[in-house]
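Undergrad: sharing a model prediction with you, sequence too.
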Amino acid sequence: MLTIQTPAKINPVLEVLGKRSDGYHELALVFQAIGLYDRLTFERKTNGVGLSVEGAVDLAADDSNLIVKAAKLFLREILKDSVGVQITLLKKIPLAAGLGGGSSDAAGTLRGLQWLFEVPVSEEKMHRMAAQLGSDVNFFLAGGTALGTGRGEIITPWQGSVPFWVILVKPPQGLSTPAVYQSGKALITSRDKVRGFQSVWEQGLPASIADHLFNGLEPAAFYLRPEVELIKKRFIMEGALGALLSGSGPTVFALAAHENEAQKIASKFENEGLEVVVTQTVSTGIEKL
Ligand code: C5P
């Protein structure tokens, strides 16, 4: 038996460079792992893939679940279906939130099975399987801070870390990633935001970093869900260093330098039916427990 934790992410920069002929969008984006985790437990069995889900009522445990897809892919490609696995998911990362929870679980499943069965699999092969499962899955094999290019699946880790407190506020209703991309409202830019962010990130000055947050999907998410823009404006009013839509939303994250500031900002959103989480950036990724 093996238990792992697998983190959520935010994107301090997400640039949409254009639409591709395969229907995806070409991106340049920065991924940052945060200390909010799903937990996965793996147990060998003779054949097939079983999944039970704890902590989230709304998540199907059938073949549509990315964990089941990841497990079936790994067992077929690496172990020729000679064994099976029973997986338990304890869901803590909000669903359809723009925090990468499903992708993180998929990456956690690939890594978990690699560790459980102690099979040698090259990182190149792990990344090929990850890319088959979704555009965000590759990042979670790396963790920490990383640049993503292509449709987001080509990962270049960034060394070092700039620690922040992170406040997440999510409206109750999720937002569909395809709906955001296909709204026609994304802002197209040309990598200058990522370049600008990278240079301030390397200098490590929190206030400059917070000034360089950018997400080209904001106009699309704000158009589909106007209340999301109001959350961002309130974060700024309440004194956050910076605030931004997370991925394709609808979660908005804000940055703070100290825990007491983060807790103070979070307290302003209490009792409004919003999901509020205070956490920190982390320089790690999937870990055994
Ligand atoms: O790759 P993933 O399955 O996570 O993508 C979900 C959907 O998000 C895609 O079907 C597509 O509509 C949109 N998407 C996109 N361009 C990307 C990533 C995702 O258009 N780079």
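TA: On my side now, so go ahead.

Undergrad: mind listing the helices for the stretch 1-150 of the chain?
TA: Secondary structure of the stretch 1-150 of the chain by DSSP state H, counting those that start in this stretch: the helices cover 66-79, 101-117, 123-133, 137-142.

Undergrad: please read the previous query as pertaining to the stretch 151-289 of the chain.
TA: Going by DSSP H, counting those that start in this stretch, the stretch 151-289 of the chain shows helices at 177-181, 192-203, 206-211, 218-224, 226-237, 259-267.

Undergrad: residues from the stretch 151-289 of the chain in reach of the ligand?
TA: Counting by Cβ under 6 Å from any ligand atom, the stretch 151-289 of the chain comes close to the ligand at R151, G152, T177, P178, Y181. All C-beta spots, glycine's among them, are computed from the backbone N, C-alpha and C.

Undergrad: compare those residues and tell me which is most surrounded.
TA: G152 (25 neighbours; other Cβ atoms under 10 Å).

Undergrad: so L113 touches R76, yeah?
TA: No - the criterion here is Cβ atoms under 8 Å, and L113 misses it with R76 at 11.3 Å.

Undergrad: between these two, point out the one with more neighbours.
TA: Shown here are L113 and R76; by other Cβ under 10 Å, L113 has more neighbours (25 against 11).

Undergrad: which ones are touching the residue lying closest to the more buried one once chain neighbours are set aside?
TA: Distance criterion Cβ to Cβ, 6 or more residues apart in numbering; nearest residue to L113, sequence neighbours excluded, is F74 at 4.6 Å. Contact analysis of F74 by Cβ atoms under 8 Å, 6 or more residues apart in numbering lists T109, L110, L113, Q114, M129.

Undergrad: for the helices of the stretch 151-289 of the chain, which one sits closest to G102?
TA: Nearest to G102 among the helices of the stretch 151-289 of the chain is helix 177-181 (9.8 Å), distances taken as Cβ to Cβ.

Undergrad: show residues contacting that closest one.
TA: Contacts of helix 177-181 (Cβ under 8 Å, 6+ apart): H25, A96, A186, L217, A220, A221, L224, G247, S248, G249.

Undergrad: dump those to CSV, plus distance to V277 and pLDDT.
TA: Below are those laid out as CSV (distance: Cβ to Cβ, whole Å; pLDDT from 0 to 100):
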residue, distance to V277, pLDDT
H25, 28, 98
A96, 15, 89
A186, 26, 98
L217, 21, 98
A220, 24, 98
A221, 19, 98
L224, 22, 97
G247, 15, 98
S248, 18, 97
G249, 15, 96
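
Undergrad: which one of the contacts of F74 is nearest to the ligand?
TA: Nearest to the ligand out of the contacts of F74 is M129 (Cβ to the nearest ligand atom; 13.7 Å).

Undergrad: and that closest one, how close does it get to F74?
TA: With distances taken as Cβ to Cβ, to the nearest Å, M129 is found 7 Å from F74.

Undergrad: need the residues touching each of those two.
TA: L110.

Undergrad: among the contacts of helix 177-181, which ones are in strands?
TA: The strands, defined by DSSP state E, take in H25 from these.

Undergrad: return the most buried member of the helices of the stretch 151-289 of the chain.
TA: helix 218-224 (a mean of 20; mean count of other Cβ atoms under 10 Å).

Undergrad: show me what that helix is packed up against.
TA: In terms of contacts (3 or more Cβ pairs under 8 Å, 6 or more residues apart in numbering; DSSP states H and E), helix 218-224 is packed against helix 177-181, helix 226-237, strand 242-245.

Undergrad: roughly how far is it from the heart of the chain?
TA: Computed by Cα atoms, centre = their mean, to the nearest Å, the chain-centroid distance of helix 218-224 equals 19 Å.

Undergrad: what does that helix rub up against?
TA: 175, 179-181, 183-187, 228-229, 232, 244-245, 248-250.

Undergrad: re the thing from before, now the helices and strands packed on helix 218-224 in a markdown table, with mean pLDDT?
TA: Listed next are these as a markdown table, based on pLDDT from 0 to 100:
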| stretch | mean pLDDT |
| --- | --- |
| helix 177-181 | 97 |
| helix 226-237 | 98 |
| strand 242-245 | 98 |
